[in-house]
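[1] got a sequence here, can you model it:
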Amino acid sequence: MPKTLTRADLSNSVYEQIGLSLQECNALVDSVIEEVSSALEQGNSVKISSFGTFNLRNKKQRMGRNPKTGVEVPITSRTVLSFNASNLMKAKVNTNLVGKNVELA
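    Residues are numbered from 1 along each chain as shown. Just a heads-up that it's a prediction; the model follows:
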């Protein structure tokens, strides 16, 4: 099973590459995540060059079905967050995974 990248991992990576104190690296990573979150909360898209774009989409109300009972249930309208990887990121991922037997969940 692949490892999950956490905030702590990001902070440690910044710490190793930049050399700021670990506390400053934690604050830096938290600041970036907070800035992205704030922009999304305001309804804006977030584009990170060579990485990808976070978009908000509005989904309309629709009818769904309870799989156990088969009863139709209305699913309310909602806003969902989606991520589209950049072509550069897709190419990097595909290049690095070719020949590796990686099981994605």
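
[2] for the protein, what spans make up the helices?
    In the chain, the helices defined using DSSP state H lie at 7-18, 22-41, 87-97.

[3] for residue 50, find the nearest of those helices.
    helix 87-97 (4.8 Å; CB to CB). To be clear about C-beta, it is placed using only N, CA and C from the backbone, and glycine gets the same treatment.

[4] what does the closest one contact?
    50-52, 85 (CB atoms under 8 Å, 6 or more residues apart in numbering).

[5] can you flag the buried ones in the residues you listed?
    Using 16 or more other CB atoms under 10 Å as the burial test, the contacts of helix 87-97 include residue 52 as buried.

[6] domains in this structure, by residue range?
    1-44, 45-96 (automatic domain parsing).

[7] now do the last one: distance to the chain's middle.
    Here the centre of domain 45-96 is set off from its chain's centre by 10 Å, with CA atoms, centre = their mean, to the nearest Å.

[8] would you mind measuring the gap between the ends of it?
    28 Å (CA to CA, to the nearest Å).

[9] average pLDDT across that domain?
    Average pLDDT, domain 45-96: 94.

[10] again, but for stretch 8-26
    Stretch 8-26 comes out at a mean pLDDT of 93.

[11] just want the most central residue of the chain.
    When CA atoms, centre = their mean is applied to the chain, the residue found nearest the centroid is residue 83 (6.2 Å).

[12] what are the bridge partners for that residue, then?
    Per DSSP bridges, the residues bridged to residue 83 are residue 54.

[13] surely it touches residue 53?
    Yes: taking CB atoms under 8 Å as the definition, residue 83 is a contact partner of residue 53 at 7.2 Å.

[14] quick check: the gap between the residue nearest to the centre of the chain and residue 4.
    As for residue 83, its distance to residue 4 is 16 Å (criterion: CB to CB, to the nearest Å).

[15] end to end, how far does stretch 46-54 reach?
    With CA to CA as the measure, stretch 46-54 spans 5 Å from end to end.

[16] and stretch 49-62, by the same measure?
    35 Å.

[17] run through who's touching that stretch.
    For stretch 49-62, the surrounding residues in contact (CB under 8 Å, 6+ apart) are 36, 40, 43, 45-47, 74-86, 88-89.
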